[in-house]
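Trainee: This is a predicted model, with the sequence first.
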Amino acid sequence: MPRFPIPIDRKSLKNRAFGEKLLGFSRETTYLWRCRSDSGKMASSGARNGLAKETISLDALRNVAVIIPAYNSERSIDRAVRSALDQPEVSEVFVVDDCSRDETVARALASDDGSNRLQVLENRVNTGPAGARNRAIAQSKADFVTPLDADDFFLPGRFGAMTDDGEWAFFADNIVFTRSDGALSFPTDLSDAGGAVTRQLTFDAFVKANMSQQGKHRTELGFLKPVMRRSALDAMDLRYDERMRLGEDFILYATGLARGGSFQLTSHCGYAAVERPNSLSGQHRTGDLAELVMAERTLLKELEARTPSAPPASIAVLRRHLVQNEGKHATRKFLDEKRERGILSAFGPLAGNPKMLLHVAAEIAHGKLGMSASPPREGLRLLFSPDQLESL
């Protein structure tokens, strides 16, 4: 396995219909040129003259397992399950109940369509979304797995817009967000008015898109819910980090990209996320931020250990992202300490770190001025636009 992603020119796949018309390749097969790996060896043993010709099949996606962690989700679990079972490409649906205190299990079982694809698993102890997803992945036999939050649902025909070239480890589509009291049905051409855009996502672009930058919109690609190839997850020794209850998706995707996984991203929208004021994703402890910081430090060490094969730019961008999360964690610790022991005690750990002190002061000032709060959003919004995808 290469230590870093092998660059593959996939511009011809950005719009398949355009490629067929202009370049003359068929829907079934196209030819890509695979470049050298970072070790200098050819990715294909039969390569000559620095390039290897490879046949890539564009097959329809099939045999997908949907994994749904659920906790006190009786109000929404039936919609989530039905939306998964309605997808013809889905062969398995797993609901993993994480010690709910309501009727989540009963509602999930009542949503079965009789196709023998639904399994409801009950955890004896609460493991969080990461542990619940890993349990479902272990139980599944499907070639592909994809997460679905219990509050959310798939739009009709979600997987029909995806193709399997036998290469990618992750394939994600756009997300439409709606409030819990907003619209729960959407136009079929939600993001495809000008034709869906698909591109290969790099490690650097993914991390940058999750960073706060003054004057720029943060795309938050950590929210993505991709289809993941099981064989790639196994080859990269990749599963969700069960210590985490915040940012476990970001760490999984970033680690997969860093270990050589190909990540396809399309502007086509097939996933609907329902925003609720009491959602678990908005209720995180200081310890959750600490685990995210620790996991990101571990990933940074993994990249640094590959020097010089790991691109310096990738290490630099991950460091910048880590600094932002360290600042958020320090701010939360400061506020906790101030509330419990007073302002002088809170300033103590920051006395020898002027940069972090300034960061905490800025974070608190932004919060006091309401600058960090997201303004109320009316109607539907997409995670990213085709133009934003093109600019990643």
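Mentor: Noted; the coordinates are in hand. Computed from a predicted model, the values in this text were never measured in an experiment. Numbers count the residues shown, from 1 in each chain.
Trainee: Quick one, grab the pLDDT at residue 23.
Mentor: Residue 23 is assigned a predicted lDDT (pLDDT) of 27.
Trainee: Tabulate the CA atom coordinates of stretch 249-259 in PDB.
Mentor: Coordinates of each C-alpha in stretch 249-259 appear next as PDB, following Å, rounded to 0.1, in the frame of the first residue of the first chain:
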ATOM      1  CA  ASP A 249     -16.000  11.100  11.600                       C
ATOM      2  CA  PHE A 250     -13.300  13.700  10.900                       C
ATOM      3  CA  ILE A 251     -10.500  11.500  12.400                       C
ATOM      4  CA  LEU A 252     -11.700   8.400  10.500                       C
ATOM      5  CA  TYR A 253     -11.800  10.300   7.100                       C
ATOM      6  CA  ALA A 254      -8.500  12.200   7.700                       C
ATOM      7  CA  THR A 255      -6.700   9.000   8.800                       C
ATOM      8  CA  GLY A 256      -8.000   7.100   5.700                       C
ATOM      9  CA  LEU A 257      -6.800   9.900   3.400                       C
ATOM     10  CA  ALA A 258      -3.500  10.000   5.100                       C
ATOM     11  CA  ARG A 259      -3.100   6.200   4.700                       C
END
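Trainee: any idea of the mean pLDDT for that stretch?
Mentor: Throughout stretch 249-259, pLDDT has a mean value of 97.
Trainee: now stretch 98-106
Mentor: Mean pLDDT, stretch 98-106: 97.
Trainee: Ends of it, what's the gap?
Mentor: From its first residue to its last, stretch 98-106 covers 14 Å (C-alpha to C-alpha, to the nearest Å).
Trainee: Could you do stretch 67-76 as well?
Mentor: Across its full length, stretch 67-76 reaches 15 Å end to end, with C-alpha to C-alpha as the criterion.
Trainee: May I see the buried residues of that stretch?
Mentor: Using 16 or more other C-beta atoms under 10 Å as the burial criterion, the residues of stretch 67-76 that qualify are 67-74, 76. Using the backbone N, CA and C atoms, a C-beta is placed for each residue, glycine as well.
Trainee: what do you get for stretch 312-325?
Mentor: 314-315, 317-318, 321-322, 324-325.
Trainee: Relative to residue 359, which of those is nearest.
Mentor: residue 324 (8.7 Å; C-beta to C-beta).
Trainee: Is it correct that that closest one falls within a strand?
Mentor: No - applying DSSP: H, G, I helix; E, B strand; the rest coil, one finds residue 324 to be helix, outside a strand.
Trainee: surely it meets residue 207?
Mentor: No - the pair residue 324 and residue 207 does not pass the contact test of C-beta atoms under 8 Å, sitting 10.6 Å apart.
Trainee: In this structure, where's the longest strand?
Mentor: Ordering each strand of the chain by length in residues (DSSP state E) puts strand 263-275 first.
Trainee: packing partners for the helix or strand that that strand is followed by?
Mentor: Proceeding N to C from strand 263-275, the next assigned helix or strand is helix 286-305, under DSSP states H and E. Contact partners of helix 286-305 among helices and strands, from 3 or more C-beta pairs under 8 Å, 6 or more residues apart in numbering; DSSP states H and E: helix 248-258, helix 312-341.
Trainee: Least confident of those, on average?
Mentor: The weakest mean pLDDT among the helices and strands packed on helix 286-305 belongs to helix 312-341, with a mean of 89.
Trainee: Quick check: next helix or strand after it?
Mentor: Using DSSP H and E, the helix or strand that directly follows helix 312-341 along the chain is helix 343-347.
Trainee: For that next one, what does the pLDDT average out to?
Mentor: For helix 343-347, the per-residue pLDDT averages 75.
Trainee: Pull out the buried positions in it.
Mentor: Applying a neighbour-count criterion of 16+ other C-beta under 10 Å, one finds residue 346 buried in helix 343-347.
Trainee: and it, what does it pack onto?
Mentor: Counting by 3+ C-beta pairs under 8 Å, 6+ apart, the elements that helix 343-347 packs against turn out to be helix 312-341.
Trainee: Spit out the contact partners of residue 232.
Mentor: Contact criterion C-beta atoms under 8 Å, 6 or more residues apart in numbering gives 168-170, 238, 256, 261 as the residues in contact with residue 232.
Trainee: can you confirm it is in a helix?
Mentor: Yes - according to three-state DSSP, the state of residue 232 is that of a helix.
Trainee: Now do the strands in the stretch 1-150 of the chain.
Mentor: Using DSSP state E, counting those that start in this stretch, the strands of the stretch 1-150 of the chain run over 29-34, 52-57, 59-60, 64-70, 90-97, 118-122, 144-147.
Trainee: can you pull the alpha-carbon coordinates of the fifth one into CSV?
Mentor: What follows is the C-alpha trace of strand 90-97 in CSV, where atoms were taken according to Å, rounded to 0.1, in the frame of the first residue of the first chain:
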residue,chain,number,x,y,z
VAL,A,90,-29.1,-1.7,0.3
SER,A,91,-28.6,-5.3,1.4
GLU,A,92,-28.4,-4.8,5.2
VAL,A,93,-29.7,-2.2,7.7
PHE,A,94,-28.3,-2.3,11.2
VAL,A,95,-29.9,-0.3,14.0
VAL,A,96,-27.6,-0.3,17.1
ASP,A,97,-29.6,0.8,20.1
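Trainee: Can you give me the buried ones in that strand?
Mentor: The neighbour-count criterion (16+ other C-beta under 10 Å) identifies 90-97 as the buried residues of strand 90-97.
Trainee: again, but for the last one
Mentor: Of the residues in strand 144-147, those with enough neighbours to count as buried (16+ other C-beta under 10 Å) are 144-147.
Trainee: What is the subsequent helix or strand relative to it?
Mentor: Taking DSSP H and E as the definition, the helix or strand that follows strand 144-147 towards the C-terminus is strand 153-154.
Trainee: mean confidence score for the next helix or strand along the chain from that following strand?
Mentor: Once strand 153-154 ends, the next helix or strand along the chain (criterion: DSSP H and E) is strand 163-164. In this model, strand 163-164 has an average pLDDT of 88.
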